[in-house]
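Q: Predicted structure and sequence below. I'll ask about it afterward.
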Amino acid sequence: MAVVDRLRNIGIIAHIDAGKTTFSERLLFYTGVTHRMGEVHDGDAQMDYLPQERERGITITSAVTQFPWLGAEVHLIDTPGHVDFTIEVERSLRVLDGAVAVFCGVGGVEPQSEVVWRQADRHGIPRLVFVNKLDRPGADYDRVVADMDRKLGARGIPVTVPLYEEGVFVAVADLLTMERVEFSPQDQGATVSRKALSSEETAGVAKYREAMLEAAADGDDAAAEKYLAGEEVPQPLLRSGIRKGTLTGKIFPVFAGSALRNKGIQPAMDGIVYFLPSPAEAPPVKGDDPRSGVPTIREPAPSAPFSALVYKVMQEDARRTVYLRVYSGKASEGTALLNASTGEKEKAARLFRVHAGKKEAVEEILAGDIVGARGIKKARTGDTLCDPAAPIVFEPIEIRKPVVSVVVEPRTVREMDRLKEVLFAMTDEDPTLSFKEDMDTGQILLSGMGELHLDVVIDRMAREYGITVRKGSPQVVYRETIATPASAESVFEREIAERLVKVSTKVAIAPAPRGSGVHITDGYRMLGLGQEVADGVEMGLRESAFFGALGYPVDDVTVEVSSISFLSGVASQMVAKVAAAKAFQEAYEKGKPFLLEPMMEVEVSVPEEFLGGVIGDINARRGHVTSVDRRLDISMLSATVPLKEMFGYVTTLRSLSQGRGNYTMKFSRYDRA
């Protein structure tokens, strides 16, 4: 078996607190990578290696590791569940070939599970599902599988199901082998024993076995022949049918267990190797040749020209580590590379395999590898590194705009330059973080995805860089747009180098759908302007859109330049830029500008008796309740609420629900304030 065929690049994705990191720790322990099981609640999980992760008991950064299983080498990325760190999930899914979704046996498909599932859908990633916490009171395996169909439109096919004795979760039934699988409590579940299912257990799992046989028959013609003839379908055919269905995204194998109680993990590990794809089975990766713009592909083979995507940048031990997914070819230390996204030359001085916070030097990297590199000075998240003789640019990683800002000030004026250096390093690492200096006040405005995101950034600044800052209260990042179409014919007239320059420019501006940004039609490039002058027009329009009539960035407009005439003087880029900016501003002000504010999708889970108070509070916050889903004694409320009204909501929710309510929040759209 070729090296690439043995690889599995997978991620663990889920809602916060579904048990992703606990599950990951078991994978490492059972494969011998670690000799002691770390626990999130004890603050010693291997994959949560940042101090902030250990203190808060949540995953903040996507950690990479690898382990052997069934002759395969599994590269694993454990991703965060909290929405504030959604960039970590997005950039991890971008470079993975498969994923394990962990769902809580009690909570089912929770709001953030749905978000990450949709992200994986968008990238076309095959997945299997681990239903966790089946030892808890109120856990319901069947309801989780039904939730997958109802909420995600996903066909979940149980491969293992839980077995209970007197209401206690004791073992799983393996539907592939029709065996009872038990996990020894003496050695933390490392010893697995199997025996044939009893007649009573066989009858109890018959409906699951039948569903699995149907799914295998759908995926494999040979399995279908046996199934339709009423014959026994042999295990290899069963596996083949389920694998084919999984790789095409038609089905999602489901495994039962409890990570904390060390039950059901090893069959899911088998499933990772049996059912998820190797890099060789992934379709050839598509990109564009930057020289011609012609679409091109790279086969996932070491013999192809080298290509890799930078999916993450980290500042570690005061050195810059760039994380790469290698899609094709091979490279060794010192290989000259081209950053095809920017045209700059780079060189990887050192290459590493990564195990969470630890690194192991390697001399060569091959197609399918996920590795760290040092010595790459300028490449940023989403850039493509490739063989200079065969350039290719891959689609960049989608990065969401920040929605919450805080003012940060150093303790002394002397520390201001150092603070800016640190912020440059941190924004290099995290593209959802940005900062700008207010020229009037001298204050620095730090923007991110949420209050927790900014709290963690400020905490890291103090611990890793020794800079303690004073923090102002959170502020909303507003935008603005126009209500009606408008146009202006502007004349720019000025004496430059003792010569009169006079330019007439016509600009039309119109509202565009929410979320469409600023779209400049390219008709002005057909007006017979030189390349430099046309570029100047675009620069003027773009720069004007940074700062609208109300003082905020302009969004959701379409701009058209219908004419630009140099009535006197020489046409130049700078003059075209200033003339276009002036015309844009005049047209924009006629369009009745108004403010846009960020709207958040809020999901609240709260006991039934407190639902009325929570709905009343959401309404008082200018929110709109979109649905209420009742489960046992818990209500799941969905609403759209302006971000401005959500600061400090956690305290209000706790007091309204006697500490029993939880909520998650994600950016939805900008809408009229």
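A: In hand now; what should we look at?

Q: for this structure, what's the longest strand?
A: Counting residues, the longest strand found in the chain (DSSP state E) is strand 593-607.

Q: right, and the helix or strand after that strand?
A: helix 611-620 (DSSP states H and E).

Q: That next one relative to strand 593-607, how many degrees between them?
A: Between helix 611-620 and strand 593-607, the angle comes out at 170 degrees (axes from the mean of the first three to the mean of the last three Cα atoms, to 10 degrees).

Q: For helix 611-620, report the contacting residues that lie outside it.
A: When contacts are defined by Cβ atoms under 8 Å, 6 or more residues apart in numbering, helix 611-620 is touched by residues 602, 604, 606, 625, 628, 635, 637, 639, 641, 652-653, 656-657, 661. Where you see a C-beta, it was placed from the backbone N, CA and C, and this is true even at glycine.

Q: what about 6 Å?
A: 604, 606, 625, 635, 639, 656 (Cβ atoms under 6 Å, 6 or more residues apart in numbering).

Q: Tell me the buried residues in stretch 300-315?
A: 300-302, 304-315 (16 or more other Cβ atoms under 10 Å).

Q: Could you pull out the strands in the stretch 351-500 of the chain for me?
A: 358-362, 364-366, 370-374, 384-386, 393-394, 404-410, 434-437, 444-448, 469-471, 475-476, 479-482, 486-496, 499-511 (DSSP state E, counting those that start in this stretch).

Q: Nearest to Gln66, out of these?
A: Nearest to Gln66, of all the strands of the stretch 351-500 of the chain, is strand 370-374, at 8.1 Å by Cβ to Cβ.

Q: Parallel or antiparallel, list what pairs with the closest one.
A: strand 319-328 (antiparallel), strand 350-355 (antiparallel) (DSSP bridges).

Q: okay, those strands, which one's buried deepest?
A: Mean neighbours per residue, mean count of other Cβ atoms under 10 Å, is largest over the strands paired with strand 370-374 for strand 319-328, with a mean of 22.

Q: quick one: strands adjacent to the helix or strand just after that one?
A: Using DSSP H and E, the helix or strand that follows strand 319-328 in sequence is strand 330-332. Here strand 330-332 is paired, per DSSP bridges, with strand 364-366 (antiparallel).

Q: From the rest of the structure, what touches stretch 319-326?
A: Under Cβ under 6 Å, 6+ apart, the answer for stretch 319-326 is 95, 308-314, 365, 367, 369-374, 376, 379.

Q: Turn the strands paired with strand 370-374 into TSV, columns for distance to Leu595.
A: Output for those, formatted as TSV (distance: least, Cβ to Cβ, whole Å):
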stretch	distance to Leu595
strand 319-328	39
strand 350-355	45
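
Q: rewinding a little: which among the buried residues of stretch 300-315 gets closest to Ala425?
A: For these, the minimum distance to Ala425 (Cβ to Cβ) is 5.0 Å, reached by Gln315.

Q: From what I see, that closest one and Phe424 are in contact.
A: No. In this structure, Gln315 is not within contact of Phe424 by Cβ atoms under 6 Å, at 10.2 Å.

Q: sec struct for the residue nearest to Val192 when sequence neighbours are not counted, please.
A: Nearest residue to Val192, sequence neighbours excluded (Cβ to Cβ, 6 or more residues apart in numbering): Gln266, at 5.3 Å. Three-state call for Gln266 (DSSP: H, G, I helix; E, B strand; the rest coil): helix.

Q: so which of the strands paired with strand 370-374 comes closest to Met178?
A: strand 350-355 (37.0 Å).

Q: Mind exporting the C-alpha coordinates of the closest one to CSV?
A: Only the C-alpha atoms of strand 350-355 are listed here, as CSV (Å, rounded to 0.1, in the frame of the first residue of the first chain):
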residue,chain,number,x,y,z
ARG,A,350,13.0,23.6,8.9
LEU,A,351,10.1,21.1,8.6
PHE,A,352,8.3,19.4,11.5
ARG,A,353,5.7,16.8,12.3
VAL,A,354,3.5,18.2,15.0
HIS,A,355,2.0,16.6,18.1
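
Q: which helix in this protein runs the most residues?
A: helix 573-590 (DSSP state H).

Q: what does it rub up against?
A: In contact with helix 573-590 (Cβ under 6 Å, 6+ apart) are residues 486-488, 490, 492, 501, 503, 505, 507, 509, 532-533, 536-537, 539-541, 544, 549.

Q: Skipping adjacent residues, who's closest to Val115 in space?
A: Val115 sits nearest to Lys666 (Cβ to Cβ, 6+ apart), 6.2 Å away.

Q: Between strand 593-607 and the helix or strand that contains that neighbour, find me the angle.
A: Following DSSP H and E, one finds Lys666 within strand 662-672. If you take the same axes, to 10 degrees, strand 662-672 sits at 160 degrees to strand 593-607.

Q: Tell me the buried residues in strand 662-672?
A: Buried positions in strand 662-672, judged by neighbour count with 16+ other Cβ under 10 Å: 662-668, 670.

Q: same check, this time on stretch 465-476
A: For stretch 465-476, the neighbour count (16+ other Cβ under 10 Å) marks 465, 467, 469, 474, 476 as buried.

Q: Export stretch 600-613 to CSV, keeping only CA atoms.
A: Presented in CSV, the C-alpha positions along stretch 600-613 are these (Å, rounded to 0.1, in the frame of the first residue of the first chain):
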residue,chain,number,x,y,z
MET,A,600,-26.6,37.7,15.7
GLU,A,601,-28.3,34.3,15.5
VAL,A,602,-28.8,33.3,19.2
GLU,A,603,-29.7,29.8,20.4
VAL,A,604,-30.8,29.5,24.0
SER,A,605,-31.3,26.2,25.9
VAL,A,606,-33.3,26.7,29.0
PRO,A,607,-35.6,24.7,31.3
GLU,A,608,-39.3,24.9,30.3
GLU,A,609,-40.4,26.8,33.4
PHE,A,610,-38.1,29.8,32.6
LEU,A,611,-39.0,30.0,28.9
GLY,A,612,-41.5,32.9,29.2
GLY,A,613,-39.0,35.2,31.1
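
Q: shaky segments in the chain?
A: 1-2, 16, 34-63, 78-88, 111-112, 356-357, 439-442, 632 (pLDDT under 70).

Q: And the residue nearest the centre of it?
A: Nearest to the mean C-alpha position of the chain, counting by Cα atoms, centre = their mean, stands Glu90 at 1.8 Å.

Q: so where does it fall, helix or strand?
A: Glu90 belongs to helix 86-95 when assigned by DSSP H and E.

Q: That helix - contacts with which helices or strands?
A: helix 111-123, strand 307-316 (3 or more Cβ pairs under 6 Å, 6 or more residues apart in numbering; DSSP states H and E).

Q: Same list, those, but as CSV with distance to Ser292 please.
A: Converted to CSV, these look like this (distance: least, Cβ to Cβ, whole Å):
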stretch, distance to Ser292
helix 111-123, 27
strand 307-316, 16
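
Q: Quick one: closest of those to Leu197.
A: helix 111-123 (30.5 Å).

Q: Just give me how far the closest one sits from the chain centre.
A: Distance of helix 111-123 from its chain centroid, counting by Cα atoms, centre = their mean, to the nearest Å, is 9 Å.
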